[in-house]
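> A structural model of the following input is requested.
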Amino acid sequence: MLHRFAVMIAGMALAAGSVAPAQVVPAAVTSTASVASTTAVAKTNAPSPLLQPGEPLIAAPVVAAPESPAPVEAVQPAVSRSGSLADKVADLRGSDAGSRELECLAAGVYFEAKSEPLAGQLAVGQVIANRTRSKGRFPASYCGVLSQRGQFSFMRGGRWPAVNKSARQWQTAVAIARIVDGKLHDDVARSAMFFHAKRVNPGWRTSRVASIGNHIFYR
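Residues are numbered from 1 along each chain as shown. Presented below is the predicted three-dimensional model:
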């Protein structure tokens, strides 16, 4: 009897040994994984050493700021060289010359010839431009030509008197300056480098090339 019972117990033990154990992670492993996971989360949520107090724990993604549009330069109306001087002036009138150099050229036209016909204003502007191309004889810029000592009587200490830029005569001078600078009209001054009012006679020993409005022009 005892022998049979022992045999039965042995058989049960053998049967139990043939069944694969359940895939249960040992407690020690589970504990370690849990700690690792917790540590990873803690590291993810830990504040960066570069963050300041009050900043979010997780920085927002960096998004490149859109580039600022390039400044748009004022675009002058297209003017054909074949049009009349009056039409070109009408198209290009404005209170703002657009640059210091063009403002200097406009000032020369304004103070020397604002009451002249358009052709006379153009000739004065062309004389100033011709001087800038004189290869050292005169300064190479409009402002330099105006500021040259003893050349333009309206200049005082390198400055000209205040101008009402909303006045039509100034706006016309700006248009003439743009025409001269862009070479948008024929050279009415005939490459002149000097001019004076008809009311005076300086006795210059230079070639007289034109008489326009109230001025006489010389090369």
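> Would you quantify the distance from residue 162 to residue 124?
Going from residue 162 to residue 124 by CB to CB, to the nearest Å gives 20 Å. For every residue, glycine as well, the C-beta is placed using N, CA and C.
> Then residue 130?
11 Å.
> joint contacts of these two?
Shared contacts of residue 130 and residue 124 (CB atoms under 8 Å, 6 or more residues apart in numbering): residue 189.
> Settle it for me: which of the two has more neighbours?
residue 124 (28 against 21; other CB atoms under 10 Å).
> Count the residues that sit near the nearest residue to the more buried one once chain neighbours are set aside.
Leaving aside its sequence neighbours, residue 124 sits nearest to residue 113 (CB to CB, 6 or more residues apart in numbering; 4.3 Å). Neighbour count of residue 113, defined by other CB under 10 Å: 27.
> for residue 118, same thing?
20.
> contacting residues for the residue lying closest to it once chain neighbours are set aside?
Nearest residue to residue 118 in three dimensions, chain neighbours excluded: residue 85, at 5.1 Å (CB to CB, 6+ apart). Residues near residue 85 by CB under 8 Å, 6+ apart: 118-119, 122, 179, 185.
> and the end-to-end length of stretch 210-219?
Using CA to CA, to the nearest Å, one end of stretch 210-219 lies 9 Å from the other.
> Buried residues in that stretch, which are they?
210, 212-213, 215-218 (16 or more other CB atoms under 10 Å).
> any idea which of those is least confident?
In terms of pLDDT, the lowest of these is residue 213, showing 93.
> Need the phi and psi values for it.
phi 60, psi -130 (degrees, to the nearest 10).
> ranges for the strands of the protein?
194-197, 208-212, 215-218 (DSSP state E).
> Give the pairing partners of the last one; include direction for each.
Read it as strand 215-218. strand 194-197 (antiparallel), strand 208-212 (antiparallel) (DSSP bridges).
> Run through who's touching it.
Against strand 215-218 from outside (CB under 8 Å, 6+ apart): 113, 116, 120, 123-124, 127, 189-190, 192-198, 204, 206-211.
> Among those, name the buried ones.
113, 116, 120, 123-124, 127, 189-190, 192-195, 209-210.
> what's the farthest-apart pair in those residues?
The distance between the two most remote of the buried ones among the contacts of strand 215-218 (CB to CB) is 18.4 Å, for 116 and 193.
> thought residue 105 was touching residue 128?
Yes: in terms of CB atoms under 8 Å, residue 105 counts as a neighbour of residue 128; the distance is 5.9 Å.
> Now list whatever residues contact both of those two.
142, 180.
> Spit out the contact partners of the nearest residue to residue 116 once chain neighbours are set aside.
Of all residues not flanking residue 116 in the chain, residue 213 sits nearest, at 4.1 Å (CB to CB, 6+ apart). By CB under 8 Å, 6+ apart, residue 213 lies in contact with 113, 116-117, 119-120, 123.
> Pick the one among the residues you listed closest to residue 81.
residue 119 (15.6 Å).
> From the buried ones among the contacts of strand 215-218, which land in helices?
113, 120, 123-124, 127 (DSSP state H).
> can you list those residues in JSON lines and add pLDDT and distance to residue 145?
Shown next, in JSON lines, are those (pLDDT from 0 to 100; distance: CB to CB, whole Å):
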{"residue": "113", "pLDDT": "97", "distance to residue 145": "15"}
{"residue": "120", "pLDDT": "97", "distance to residue 145": "18"}
{"residue": "123", "pLDDT": "98", "distance to residue 145": "15"}
{"residue": "124", "pLDDT": "98", "distance to residue 145": "12"}
{"residue": "127", "pLDDT": "98", "distance to residue 145": "9"}
